[in-house]
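In: Need coordinates for the below:
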Amino acid sequence: MRPLLLTIGLVVGSAAMASPTQAQNYPWCAVLNMGDAAYNCGFSTVQQCMDSVRGIGGFCMRNSTYRGPQSNVRRLSTAR
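Out: The predicted structure is shown next:
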């Protein structure tokens with residue numbers, strides 16, 4: 001039983017490492033005022049952010065590093 005579990009673990013671990021990962025970047029950040037400011041930039045909408053900070057002392061601001069979805073459309077050059 002142990003060799004089977006080890007084999008399954010190795011296969012699952014290998015598959016997880018093979019897929020590329022990217023950090024998530026969202027347009028809204030919660031700034032929490034608990035001593036030093038803590039930032040959580042994981043919100044898609046301002047309403048999600050406001051719901052998160054309501055009652056715990058914080059505020060929301062736009063994420064200055066948010067770039068938005070990237071399109072894979074190539075631009076054709078008109079110069080020949």
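In: Contacts made by the helix or strand Q47 falls within with the rest, please.
Out: Following DSSP states H and E, one finds Q47 within helix 46-53. The contact list for helix 46-53 (CB atoms under 8 Å, 6 or more residues apart in numbering) reads 28-32, 40, 43, 58-60. The way it works is simple: take the backbone N, C-alpha and C, and place the C-beta from them, glycine included.
In: for these, which one is nearest S71?
Out: For these, the closest approach to S71 (CB to CB) belongs to W28, at 21.7 Å.
In: hmm, back to that, which helix or strand lies directly C-terminal to the helix holding Q47?
Out: By DSSP H and E, the next helix or strand past helix 46-53 is strand 58-62.
In: strands paired with that next one, and their directions?
Out: If you go by DSSP bridges, strand 58-62 pairs up with strand 28-34 (antiparallel).
In: Just the buried residues of the strand it pairs with, please?
Out: Neighbour-count burial for strand 28-34, counted by 16 or more other CB atoms under 10 Å, picks out 28-32.
In: next one: stretch 53-64
Out: For stretch 53-64, by 16+ other CB under 10 Å, it's 53, 58, 60, 63.
In: With stretch 36-54 instead?
Out: Those would be 40-41, 43, 49, 52-53, for stretch 36-54 by 16+ other CB under 10 Å.
In: Now the terminal residues of it, how far apart.
Out: Using CA to CA, to the nearest Å, one end of stretch 36-54 lies 18 Å from the other.
In: beta partners of the nearest residue to C41 once chain neighbours are set aside?
Out: Spatial nearest neighbour of C41, chain neighbours left out: C29 (4.0 Å); criterion: CB to CB, 6 or more residues apart in numbering. Following DSSP bridges, C29 is listed with bridge partners M61.
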